[in-house]
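**Student:** Structure, please.
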Amino acid sequence: MLIHNLTKILNDINSVLMPRVCFGCTAHLIRGEELICTLCRNDMPLTEYNFNDENPVDRIFYGRINIKKASSFLFFSENGNVQRLIHNLKYKNQECVSRFLGDWYGQLLKGTGELAKTIDMVVPVPLHPKKLRRRGYNQVAGFAQKLAHHLGAEYVDNILIKTANTKTQTKKGRIGRWQDDTALYTLSNADYLKNKNILLVDDVITTGATMEICAQTLQQATGTTIYLTSMAVVPKLWN
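**Tutor:** Down below sits the predicted model:
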């Protein structure tokens, strides 16, 4: 009890000397708030899509690849709180954002019931080793790990391998991406994925091209069933 009270006192002193601020509105965070304040958390644009009903994320992949279901946690918009969170995650060494979002989304998915009984493995979209060394972490890893925890699934990050270090795909058209993606990914152990239900995870779905080619690579393993999800999705795609 004494140690617990001392820890709280030290945390409070630290908050005064080095105040934590909300990644959304930059207001000072109070005890019990993590990364974003209560107001920003309540204002986060949750898609409320699930893995039961058809949704617009499913339709991004219609006619492109045979997947079981797709969904996403948040809507991404320019200059919004979701963009600020992901910017801090990818470019400000705030790896904690990945785990924070994964824990939140994982608890919601766990409540859907069927998905928690279905998924065998959670696989993050990989970074090329050079980019991984430069950044120090895969921004999707913490998110995917938390989803695996809540779904009672295995987290697997050593089988889907990125083999080419290409420039960002977000500013290319789909045809340009396909030209670059012909040999972007490979499997290190296809047999390990045999007959598995796999949840493939990325940070932001834009055109869906990256997840498309990753899912195609995973389907090189016999009998795989692929589900897709992400931290966020750009809603303008289906307007």
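
**Student:** From here on, just use CA atoms for contacts and neighbour counts.
**Tutor:** OK.

**Student:** The residue nearest to residue 214 when sequence neighbours are not counted and residue 227, how far apart?
**Tutor:** With sequence-adjacent residues excluded and distances taken as CA to CA, 6 or more residues apart in numbering, residue 214 is closest to residue 185, at 6.7 Å. Relative to residue 227, residue 185 is positioned 18 Å away (CA to CA, to the nearest Å).

**Student:** what does residue 129 give?
**Tutor:** 25 Å.

**Student:** the more surrounded of those two?
**Tutor:** Using other CA atoms under 10 Å as the criterion, residue 129 and residue 227 rank with residue 227 on top: 22 against 16.

**Student:** The helix or strand hosting the more buried one pairs with which strands?
**Tutor:** Applying DSSP states H and E as the criterion places residue 227 in strand 225-233. Looking at strand 225-233 with DSSP bridges, its partner strands are strand 69-70 (parallel), strand 74-75 (parallel), strand 197-205 (parallel).

**Student:** and residue 124, which of those is closest to it?
**Tutor:** In terms of CA to CA, the element of the strands paired with strand 225-233 nearest to residue 124 is strand 197-205, at 4.7 Å.

**Student:** which residues are contacting the closest one?
**Tutor:** The contact list for strand 197-205 (CA atoms under 8 Å, 6 or more residues apart in numbering) reads 76, 118-125, 139-140, 144, 211, 215, 224-234.

**Student:** Need the buried ones from these selected in ChimeraX.
**Tutor:** Provided next is the ChimeraX selection string for whichever of the contacts of strand 197-205 are buried by 16 or more other CA atoms under 10 Å:
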select :76,119,120,121,122,123,124,125,139,140,144,211,215,224,225,226,227,228,229,230,231,232,233,234
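
**Student:** can you pull the contacts of the nearest residue to residue 220 once chain neighbours are set aside?
**Tutor:** Distance criterion CA to CA, 6+ apart; nearest residue to residue 220, sequence neighbours excluded, is residue 190 at 7.2 Å. Applying CA under 8 Å, 6+ apart to residue 190 gives the contacts 159, 218, 220, 221, 222.
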